[in-house]
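> model this:
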Amino acid sequence: MNRLLFAVTALGLIAVGCKPATDLNQVCQLVKRNPDGGTPMPILESEVRNASGQNKDFIAFGSIDCEDLICVRDANFVNDAGPGDPATGYCSRQCVQDTKCPSYDEKLDTGSKALNCRALLLSAETLAQLGTGDGGFAGIRDPYFCARGASPDAGK
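Below is the predicted model:
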């Protein structure tokens, strides 16, 4: 009995001392809906460059590279991929405004690659107007996601 109690206590202490596993800020592939309803298709680098113009954030839902299936590419994301290559970003998740978004690698939590909880979609009011019931637009009720920097188009 004492051994069992010791083992449970030891596991509890180890669990408290360990950083929770996350994939936030890991590289992921931006995807789009497949017209036939199957597996999402990669968005090509040329599509992002043609659609983005200046100062635009991208958010892709359904990226199997990410635990929460959310891949983000902020307006300042640097990628030297060719136009025919799949577009990449980094794993994200929904968050509550003014909360922290720790990366999978704490070295990324300072400087230009640090994640902040900020608006990436339309304002919460607009999302509510587009949505039905409590589900918001496509089930998204709040515009806040973990992302790098601060973008001029966020929340508009």
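
> span of stretch 69-85 from start to end?
Its first and final residues considered, stretch 69-85 spans 20 Å by CA to CA, to the nearest Å.

> my bad, should have said stretch 21-31
Distance between the boundary residues of stretch 21-31 (CA to CA) amounts to 24 Å.

> show me where the chain dips below the pLDDT cut-off.
Scanning the chain for pLDDT under 70 picks out 1-20, 52-55, 121-141, 151-156.

> name whatever forms a beta bridge with Val31.
Using DSSP bridges, the bridge partners assigned to Val31 are Pro42.

> residue ranges for the helices of the protein, please.
2-17, 45-52, 124-130 (DSSP state H).

> what comes up buried for stretch 59-76?
59-63, 65-66, 68-75 (16 or more other CB atoms under 10 Å). (Each C-beta comes from the backbone N, C-alpha and C, glycine too.)

> contacts for that stretch?
By CB atoms under 8 Å, 6 or more residues apart in numbering, the surrounding residues in contact with stretch 59-76 are 22-23, 26-33, 40, 43, 48, 52, 54-58, 79, 87-94, 112, 120-121, 138, 145-149, 151-153.
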